[in-house]
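Q: After the sequence you'll find the predicted model.
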Amino acid sequence: MQANRLTAIAIVAVIGSLVYLQAIAKPPAEAPKAEVGAPAPGFSLPDTYGKTFTLAEFKGKIVVLEWLNQKCPISRGKHEDKTMQTTYAKYAAKGVIWLGIDSSHYLKAESNRVYAAEQYLNYPILNDPDGKVGRAYGATNTPHMFVIDKEGKLAYEGAIDDQGKTNYVAAAIDSVLAGKPVAKPVTRPYGCSVKYAPKTPRPIKP
């Protein structure tokens, strides 16, 4: 009888250990990505001069987020042909806030500061080297654009344009300013992939 009891206890202990090991081995669920119509994820990031910007400080304003990478020919091309600068300047006078975000794990603040001066980017470039903000928004490309309305909800996400005549971001801002729904709230972004830091550190070679 005693032997049976000890055996049962041992079995329960083994099962408990297996359940525990399975629980700790299971990877944590990823945070939900930003969705059009839902509140935009908050953030706090430094710019190339060390000044911290938060989404909360622009409450009541339209905010445009531009994921960029100076090493990406598509992202750089949209600066060299002045697409981003022209769109920013058009709406800056209307109180629209434009923030560049760099989630590339290998680019430093100083490098982006020099690049912004070379390209005459008059809006801040925020540094997100660990990629937390980029992943929270689901940013996949450079450029990848997001328009946040005055209520703090995501109104548009996708490409800057259709690589032709239609500027999707400008159209989205016009709709938000007019208090109308964005006709095309989601488009497919194009460009280079965002160069996020690897989630698992690479082994150091001897």
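A: Yep, that arrived.
Q: Where does the spatially most central residue of the chain sit, in terms of helix or strand?
A: In the chain, the residue lying closest to the centroid (CA atoms, centre = their mean) is G134, at 2.6 Å. Using DSSP states H and E, G134 falls within helix 132-137.
Q: okay, now I148: neighbour count?
A: I148 is flanked by 25 other residues according to other CB atoms under 10 Å. (Each C-beta comes from the backbone N, C-alpha and C, glycine too.)
Q: For it, give me its contacts.
A: Residues near I148 by CB atoms under 8 Å, 6 or more residues apart in numbering: 40, 55, 62-65, 154-155.
Q: Would you mind giving those residues as JSON lines with distance to P129 and neighbour count added?
A: Putting these into JSON lines (distance: CB to CB, whole Å; neighbours: other CB atoms under 10 Å) gives the following:
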{"residue": "A40", "distance to P129": "21", "neighbour count": "23"}
{"residue": "L55", "distance to P129": "18", "neighbour count": "20"}
{"residue": "I62", "distance to P129": "27", "neighbour count": "20"}
{"residue": "V63", "distance to P129": "21", "neighbour count": "21"}
{"residue": "V64", "distance to P129": "22", "neighbour count": "24"}
{"residue": "L65", "distance to P129": "17", "neighbour count": "27"}
{"residue": "L154", "distance to P129": "23", "neighbour count": "22"}
{"residue": "A155", "distance to P129": "27", "neighbour count": "22"}
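Q: Could you measure from K90 over to G37?
A: As judged by CB to CB, to the nearest Å, K90 and G37 stand 25 Å apart.
Q: Pick out whichever of those two has more residues nearby.
A: Neighbour totals were compared for K90 and G37, and K90 leads with 14 against 10 (other CB under 10 Å).
Q: nearest residue to the more buried one other than its sequence neighbours?
A: Once flanking residues are discounted, K90 sits nearest to A170: 6.9 Å by CB to CB, 6 or more residues apart in numbering.
Q: The one you found belongs to a strand?
A: No - counting by DSSP: H, G, I helix; E, B strand; the rest coil, A170 is not found in a strand; it is helix.
Q: Specify which member of the contacts of I148 is nearest to D161.
A: Using CB to CB, V64 is the member of the contacts of I148 that lies nearest D161, at 13.4 Å.
Q: Which element, helix or strand, includes the closest one?
A: Per DSSP H and E, V64 falls inside strand 63-67.
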